[in-house]
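>>> the following block contains a protein sequence and its predicted model.
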Amino acid sequence: MTRKVTKAIFPVAGLGTRFLPATKSVPKEIMTLVDRPLIQYAIDEARAAGIKEFIFVTSRGKGALEDYFDTAPGLEAALRKKGKLDLLQELKNTNMESGAIAYIRQHQALGLGHAVWCARRLIADEPFAVILPDDVIAAEKPCLQQMTEAYAETGGCMVAAMEVPADRVSSYGILDVKEDRGSLVQAAGMVEKPERDQAPSNLAVIGRYILTPDVLRNLNRMKQGSGGEIQLTDAIAEEIANGRDVFGLRFRGQRFDCGSKAGFLQATVAFGLARDDLREEFADYLTELIALQNAAQ
C-alpha cells in the first residue's frame with residue numbers, strides 16, 4: 001500500500017526576469033490571473049489533492065509572498081463592517097493555518113533539482129509533491145488530484161505529461177516511453193531538454209510531480225547537468241536506472257505556461273471567459289476587438 005502524499009514543495013525562488021519591470025518589487029507568483037495570484041491556483045490545487053503541509057523554497061525579496069497567506073485583521077474587520085461577507089469569505093480562503101506553511105531559502109540559483117533538495121529535511125522519509133506555480137492547469141478535476149489517485153494504484157514516482165510539438169521538445173524534460181497504457185505511461189528514461197533529433201518522444205514533463213524520498217537521496221549526489229544547473233529530471237531518471245518505477249500521467253486539462261508573457265495572456269483570456277460574472281462582457285469585447293482587427297486588414 002502506498003503512503004498518502006500530504007506534503008508539497010513549491011519552488012518560488014526565481015527572479016521572474018521575463019516579467020520585469022513588474023517583478024522588480026512584486027514576486028512573480030503574486031501576479032494576478034484575473035483576480036487571484038498564480039500561487040493561489042497552485043495552493044488550491046494542492047488542497048484538492050489532500051496536501052496538508054506546504055513548503056515554499058524562496059529567495060530574497062519574496063516577503064509579499066509570505067504576507068499573502070497571513071491574516072489581515074484590519075481588512076477583514078472593514079469588510080465585515082460593510083457587510084461584504086462574500087469578499088470576506090474569499091479573503092479567508094487565502095489564509096493558511098499556523099504551521100501549515102514552511103519557508104526555506106535557496107541562496108543560490110542552481111536549478112529546480114537544487115530547489116527541491118533544499119527542502120529535504122522537512123520531507124524526511126515521505127513521498128511528496130512538487131508544484132511549479134508557473135504551470136497553471138485548467139481542469140475539471142485538478143491535475144495533482146488526478147495524479148494522487150493514479151499514484152495510489154502505482155506507487156513509484158509520477159510526473160504530469162503532455163504531448164508537445166517536435167520543435168518544442170528542447171524546452172522540456174522528455175520521457176522515453178517503455179509502456180504506453182493510454183493515460184498512464186511507464187518511463188524507460190528521461191532526458192532534459194534534448195535536441196529535436198535526439199528526443200526519445202514528444203511526451204513532455206510539466207510542472208507537477210509526485211516523488212519518493214529516494215529522489216532526494218539522488219539529488220545529494222547530483223552534479224550540474226543541462227544548462228549548468230542541478231536538474232530534477234536527472235534525479236528522477238536515476239530512479240529508472242536503479243530499477244524503480246517512474247510513470248507519466250497524461251492529465252486531463254489545459255496547461256498554460258504563465259512563466260511566459262504570451263502564456264500568461266492566454267491564461268487570462270481563458271480564465272476570464274470561464275467566469276460567469278465576466279464571460280458576457282469580456283466575450284463581447286473580444287468579439288468587437290477581432291472585428292475591428294479584421295476590418296483594418
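Done, it's in. Just so we're clear, the structure is a prediction, and the values are computed from it rather than from any experiment.
>>> please name the nearest non-neighbouring residue to the most centrally placed residue in the chain.
With distances taken as C-alpha atoms, centre = their mean, residue 132 lies nearest the centre of the chain, 2.5 Å away. If the residues on either side of it in the chain are set aside, residue 132 comes closest to residue 207, at 2.9 Å by C-beta to C-beta, 6 or more residues apart in numbering. Placement of C-beta: from N, CA and C, glycine included.
>>> can you show me the CA trace of the helix or strand where the one you found lies as CSV?
Take DSSP states H and E as the rule and residue 207 turns out to sit in strand 203-211. Taking Å, rounded to 0.1, in the frame of the first residue of the first chain, the C-alpha atoms of strand 203-211 are listed here in CSV:
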residue,chain,number,x,y,z
LEU,A,203,5.9,13.5,-24.3
ALA,A,204,7.0,16.4,-22.1
VAL,A,205,7.1,16.6,-18.3
ILE,A,206,5.3,19.7,-17.0
GLY,A,207,5.3,21.2,-13.5
ARG,A,208,3.6,18.6,-11.4
TYR,A,209,5.5,15.7,-9.7
ILE,A,210,4.9,13.0,-7.1
LEU,A,211,8.3,11.8,-5.9
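>>> for residue 103, which residues are in contact?
56, 58, 66 (C-beta atoms under 8 Å, 6 or more residues apart in numbering).
>>> just put those residues in CSV and tack on pLDDT, distance to residue 31 and neighbour count.
Converted to CSV, the contacts of residue 103 look like this (pLDDT from 0 to 100; distance: C-beta to C-beta, whole Å; neighbours: other C-beta atoms under 10 Å):
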residue, pLDDT, distance to residue 31, neighbour count
56, 93, 16, 23
58, 89, 16, 22
66, 80, 16, 13
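>>> which residues touch the helix or strand bottoming out on mean pLDDT in the chain?
The helix or strand of the chain with the poorest confidence is helix 63-68; it has a mean of 81 (mean pLDDT, DSSP states H and E). Contacts to helix 63-68, defined as C-beta under 8 Å, 6+ apart, come from residues 12, 26, 27, 29, 30, 37, 39, 40, 56, 58, 94, 103.
>>> check which residues of that helix are buried.
Within helix 63-68, the residues scored as buried using 16 or more other C-beta atoms under 10 Å are 65, 68.
>>> any idea how far that helix is from the middle of the chain?
From the chain centre to the centre of helix 63-68 is a distance of 18 Å (C-alpha atoms, centre = their mean, to the nearest Å).
>>> after the strand holding residue 207 comes which helix or strand?
Assigned by DSSP H and E, the successor of strand 203-211 is helix 213-220.
>>> who does that following helix touch, helix- and strand-wise?
Using 3 or more C-beta pairs under 8 Å, 6 or more residues apart in numbering; DSSP states H and E, the elements in contact with helix 213-220 are helix 112-118, helix 120-123, helix 232-241.
>>> circling back: which one of the contacts of residue 103 is nearest to residue 46?
Residue 46 lies nearest to residue 56 out of the contacts of residue 103, by C-beta to C-beta, at 11.5 Å.
>>> so what strands line up beside the host helix or strand of that closest one?
Here residue 56, judged by DSSP H and E, is contained in strand 53-58. Strand 53-58 sits in its sheet next to strand 7-11 (parallel), strand 101-105 (parallel), going by DSSP bridges.
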